[in-house]
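J.: got a structure for you, letters missing:
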């Protein structure tokens, strides 16, 4: 008889929860029967083995002090256990590709644990997937992927803290090979931008993702600086994956130079009048107060 066989499924469920609290992925997996699975609102379906271990390690990396306050653990059927828990910790590592916020999380939930003769056959976790992002200060937006001719998604803007006038704009649009490639491509894009933050020739970026379609417009001080930056670092690696590894279905790039540079317009904080500025800083044409262009 397997050493995992217990007359009381509650005892095995408690071993499973204890292993989570000890942050011991091997011990968690040891409570599972062969082929045993785990799923929750963030896993995209049941996962097992190395995928489950990686999921746990990623969570512990994002929340190094992660712990659970265990509530009732109740046997509700021959091989079914319901366990109530409350997860808490602080975000000191990357979470879903985002930098740590240091904020605390406090998330209630419940696991439905199915136990067989050889161990836990499945764990289904239930919790509000929007709670943690909100507690970390992230926006949770509910919208359809498409509605008629409109596609909806998310956008990111990176700007310098002072007014800039770009010499060229670089446009890139690509279609991810499938939805599983969207986040890896976003991670590559984010790393590319992080590498350019200390480059004074990189002036800013606006990026949008709608389904598999991904679009970026970046501003640069010169075409030469753009070309040099795109031939190195993470962007060079991303290009190799684009051409060789099948992360995208296709794409298009272009570089644009401005045809006309208009003036800056800024509402005066002193008198409320809209003021025309020919440079980053100037004076209100109505009251003479100092006015600075938008960054």
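T.: Right, received. Where do you want to start? The model shown is predicted, which means the values in this text are computed figures rather than measured ones.
J.: CA only for contacts and neighbour counts going forward, please
T.: OK.
J.: can you count the residues close to residue 265?
T.: Neighbour count of residue 265, defined by other C-alpha atoms under 10 Å: 16.
J.: for it, name its beta-bridge partners.
T.: For residue 265, the beta-bridge partners under DSSP bridges are residue 276.
J.: point out where the stretch 51-200 of the chain drops to low pLDDT.
T.: Across the stretch 51-200 of the chain, nothing is flagged by pLDDT under 70.
J.: got a list of contacts for the strand or helix carrying residue 73?
T.: Using DSSP states H and E, residue 73 maps to strand 67-77. With contacts defined as C-alpha atoms under 8 Å, 6 or more residues apart in numbering, strand 67-77 is touched by 9-10, 13-14, 21, 81-89.
J.: now the residues you listed as JSON lines including distance to residue 260, neighbour count and secondary structure?
T.: JSON lines is the format used below for the contacts of strand 67-77 (distance: C-alpha to C-alpha, whole Å; neighbours: other C-alpha atoms under 10 Å; DSSP: H, G, I helix; E, B strand; the rest coil):
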{"residue": "9", "distance to residue 260": "73", "neighbour count": "24", "secondary structure": "helix"}
{"residue": "10", "distance to residue 260": "72", "neighbour count": "21", "secondary structure": "helix"}
{"residue": "13", "distance to residue 260": "68", "neighbour count": "28", "secondary structure": "helix"}
{"residue": "14", "distance to residue 260": "68", "neighbour count": "16", "secondary structure": "helix"}
{"residue": "21", "distance to residue 260": "61", "neighbour count": "17", "secondary structure": "helix"}
{"residue": "81", "distance to residue 260": "68", "neighbour count": "24", "secondary structure": "strand"}
{"residue": "82", "distance to residue 260": "66", "neighbour count": "22", "secondary structure": "strand"}
{"residue": "83", "distance to residue 260": "64", "neighbour count": "21", "secondary structure": "strand"}
{"residue": "84", "distance to residue 260": "62", "neighbour count": "19", "secondary structure": "strand"}
{"residue": "85", "distance to residue 260": "60", "neighbour count": "20", "secondary structure": "strand"}
{"residue": "86", "distance to residue 260": "58", "neighbour count": "16", "secondary structure": "strand"}
{"residue": "87", "distance to residue 260": "55", "neighbour count": "15", "secondary structure": "strand"}
{"residue": "88", "distance to residue 260": "54", "neighbour count": "18", "secondary structure": "strand"}
{"residue": "89", "distance to residue 260": "52", "neighbour count": "19", "secondary structure": "strand"}
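J.: once you drop chain neighbours, what's closest to residue 282?
T.: Of all residues not flanking residue 282 in the chain, residue 291 sits nearest, at 5.3 Å (C-alpha to C-alpha, 6 or more residues apart in numbering).
J.: spit out the contact partners of that neighbour.
T.: Residue 291 is in contact with 266, 268-269, 281-284, counting by C-alpha under 8 Å, 6+ apart.
J.: the closest residue to residue 181 other than its chain neighbours and residue 87, how far apart?
T.: Closest residue in space to residue 181, ignoring its immediate chain neighbours: residue 247 at 6.0 Å, by C-alpha to C-alpha, 6+ apart. Distance check for residue 247 against residue 87: by C-alpha to C-alpha, to the nearest Å, it reads 35 Å.
J.: in the strand holding residue 73, what counts as buried?
T.: 67-68, 70, 73, 75 (16 or more other C-alpha atoms under 10 Å).
J.: re the thing from before, report the buried members of the contacts of residue 291.
T.: Buried among the contacts of residue 291 (16+ other C-alpha under 10 Å): 266, 268, 282, 284.
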